[in-house]
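Asks: Okay, predicted coordinates and the sequence, questions at the end:
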Amino acid sequence: MMERYKIPRTKELEFGGPLGAMILIFLMPATVFYLLLTCHTEQASVLNFPPPLPPLSTLWSPHTFLLLLAWVGLQAALYMLPMGKVTEGIILRDKSRLQYRINAFHAMGVTALVVGAGLAAGLRLSYIYDHFLQLAFSALLLAFGLSFLLYFKSLFAPDTTLAPGGNSGNPIYDFFMGHELNPRIGSFDLKYFCELRPGLLGWALVNMAMLMKETELRGSPSLAMLLVNAFQLLYVVDALWNEEAILTTMDIVHDGFGFMLVFGDLAWVPFTYSLQAYFLVNHPQKLSLSMAVGILLLNGLGYCIFRSANSQKNTFRRNPNDPRVTGLKTIPTATGRRLLVSGWWGFVRHPNYLGDIIMALAWSLPCGLTHVLPYFYVFYFTVLLIHREARDEHQCLRKYGLAWQEYCRRVPYRIFPYLY
Ligand SMILES: NC(=O)C1=CN([C@@H]2O[C@H](COP(=O)(O)OP(=O)(O)OC[C@H]3O[C@@H](n4cnc5c(N)ncnc54)[C@H](OP(=O)(O)O)[C@@H]3O)[C@@H](O)[C@H]2O)C=CC1
Ligand SMILES: CC(C)=CCC[C@@H](C)[C@H]1CC=C2C3=C(CC[C@@]21C)[C@@]1(C)CC[C@H](O)C(C)(C)[C@@H]1CC3
């Protein structure tokens, strides 16, 4: 009989351990409300701290909460429909492999039809703008509720299913990082579902609602709003089209499903990633055609780097003999896997992050240079990716040892060539 693999206790704690986790549990929701409240003021100045706070009772609306549940329910129903293929995730520590349904792109198509039918029947998407704070508050409650349920469920989960990064034994830390790696109800994978569908599609829907609101206020959408919507929609569509690639990301492979990812997926992504569009509704910007073309080219550059770097690695990991990657140089590792040292992965050690950060800048530039607030995403994202890169580097050094050191010697820069 195969010996049951027990996930070891997490010894190296991230994010400053339990204290850092506790601070982030308060800081993440506080940041969402700080950004939204500041964005709603006329000056939208980050220095006006604290922004005017509404009474707590006005944030709670049963109607918006039910609407949010209906949205998540619709996405859950679409996830369960037998559309699309079923694929296997990577081999887990206990040598098992989980099955995943790949139908996020289909779900997006059906969602577009549902929203389109609603609009034809007179639905006002600008409701989302008008009730933005209440919706964010509902998402916060949902995220806390789900995180508590997940933590409770994880206490009864077999040892083999715990997350290597969220098994410290400290309840606050494990609640934040996620105690169980791939919590499921039957074949319904909660983390995989939340990572792409309600939040990412919700983000695209919020952006569209901002565009509709701007149209209601000024008669037509501005060029800046159209660019922000188009760029971010491309990013969302890309993520859904390449759904399978998410199965090898750190979030699915290493991180548990706890408050960090639950709140990140359900509240942080739809309500802070849409900040540029929210900003443009009340702070219109004039954008010349030449500036728009420059920003378009910048986004195109970022997207090309992001997509081709991610595809190169995914193709190589799925089949190292694929003709698209056989010409690339590699170094062997003791695990039997090889590391790419030419192509994008020979340029810097995280070319996909570089592309992502370039795109982040292109998403904020349409908001002009008068305010810092719409650049929040660029600052936050650079910090997130630098921190993520350090976490990944640490794990790779542990996995590949000397081979990783050799890779770092041959490819000295992490994200920004000649800088970092
Ligand atoms: N918009 C957003 O909010 C966010 C976006 N992202 C994006 O998500 C994408 C995925 O990011 P993430 O999961 O962090 O990490 P990556 O997709 O960059 O994966 C890192 C892994 O790739 C493998 N690897 C590293 N170097 C090499 C090499 N030279 N050759 C072959 N394999 C290598 C290693 O795993 P192994 O060897 O085990 O295969 C490593 O652990 C990125 O494009 C990122 O920009 C990420 C976070 C937030
Ligand atoms: C501390 C803090 C703010 C934590 C929250 C982080 C989360 C918001 C992000 C962690 C990794 C993410 C990924 C995406 C969205 C943001 C979160 C959840 C992602 C789904 C965006 C679309 C990309 O194409 C992607 C699929 C590669 C990406 C995966 C990681």
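Replies: That came in fine, so what should we check first? Numbers count the residues shown, from 1 in each chain. Ligands and ions are numbered 1, 2, ... in the order given.

Asks: Now for L181, how many residues are close by?
Replies: 26 (other Cβ atoms under 10 Å). Any C-beta I mention is one placed from the backbone N, CA and C, and that applies to glycine too.

Asks: show me what contacts the closest residue in space to it that isn't next to it in sequence?
Replies: Among residues not flanking L181 along the chain, A163 sits closest, at 4.1 Å (Cβ to Cβ, 6 or more residues apart in numbering). A163 sits next to I7, M177, G178, H179, E180, L181, H254, D255, G256, F257 when contact means Cβ atoms under 8 Å, 6 or more residues apart in numbering.

Asks: Hmm, the third one is touching G258, no?
Replies: What it means is G178. Yes: with contact defined as Cβ atoms under 8 Å, G178 reaches G258; the gap is 3.0 Å.

Asks: residue ranges of the strands in the chain, please?
Replies: 85-88, 99-102, 184-185, 188-189, 330-332, 338-340 (DSSP state E).

Asks: okay, the ones you listed in a markdown table with distance to Q395, mean neighbour count and mean pLDDT next?
Replies: Below are the strands of the chain laid out as a markdown table (distance: least, Cβ to Cβ, whole Å; neighbours: other Cβ atoms under 10 Å; pLDDT from 0 to 100):
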| stretch | distance to Q395 | mean neighbour count | mean pLDDT |
| --- | --- | --- | --- |
| strand 85-88 | 22 | 11 | 87 |
| strand 99-102 | 22 | 17 | 92 |
| strand 184-185 | 24 | 12 | 92 |
| strand 188-189 | 22 | 17 | 94 |
| strand 330-332 | 18 | 15 | 93 |
| strand 338-340 | 13 | 20 | 93 |
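
Asks: rewinding a little: quick one: which of the contacts of A163 is nearest V293?
Replies: Proximity of the contacts of A163 to V293 (Cβ to Cβ) peaks at D255, which lies at 39.3 Å.

Asks: residues touching the closest one, list them.
Replies: D255 neighbours (Cβ under 8 Å, 6+ apart): A163, G165, G166, M177, G178, L261.

Asks: How about the contacts made by the nearest residue to V372 once chain neighbours are set aside?
Replies: Excluding the flanking residues, the one nearest V372 by Cβ to Cβ, 6+ apart is V46, at 5.2 Å. Counting by Cβ under 8 Å, 6+ apart, V46 touches T38, V372, L373.

Asks: burial count for the last one?
Replies: Taking other Cβ under 10 Å as the criterion, the count of residues near L373 is 22.

Asks: gap between the closest residue to it other than its chain neighbours and A390?
Replies: Excluding the flanking residues, the one nearest L373 by Cβ to Cβ, 6+ apart is A44, at 5.0 Å. From A44 across to A390, the span is 32 Å (Cβ to Cβ, to the nearest Å).

Asks: Which of the two has more residues huddled nearby?
Replies: A count of neighbours by other Cβ under 10 Å puts A44 above the other of A44 and A390, at 21 against 12.

Asks: what pLDDT does that one get?
Replies: As predicted, A44 sits at a pLDDT of 91.

Asks: can you tell me which of the contacts of A163 are in helices?
Replies: In helices, judged by DSSP state H, the following of those are found: M177.

Asks: Show me whatever sits in contact with both of G178 and G258.
Replies: L150, G166.

Asks: which parts of the stretch 101-250 of the chain sit against ligand 2?
Replies: E195, L196, L200, A239, I246, T249 (Cβ under 6 Å from any ligand atom).

Asks: okay, among these, which ones form the most distant pair?
Replies: L200 and T249 (13.5 Å).

Asks: okay, the two: which has more neighbours?
Replies: Taking neighbours as other Cβ under 10 Å, L200 and T249 compare with L200 leading, 24 against 12.

Asks: Wait, W60 touches Q134, no?
Replies: Yes: contact criterion Cβ under 8 Å: W60 and Q134 qualify, at 7.3 Å.

Asks: so, in contact with ligand 1 or not, the helix ranked longest in the chain?
Replies: For the chain, the longest helix by residue count, based on DSSP H, is helix 289-318. Yes: Helix 289-318 reaches ligand 1 (Cβ under 6 Å from any ligand atom) through F306, N310, K313, F316, R317.

Asks: quick one: average pLDDT of that helix?
Replies: Helix 289-318 comes out at a mean pLDDT of 94.

Asks: ok, and for that helix, which residues are buried?
Replies: Within helix 289-318, the residues that qualify as buried by neighbour count (16 or more other Cβ atoms under 10 Å) are 291-292, 295, 298-299, 302-303, 305-306, 309-316.
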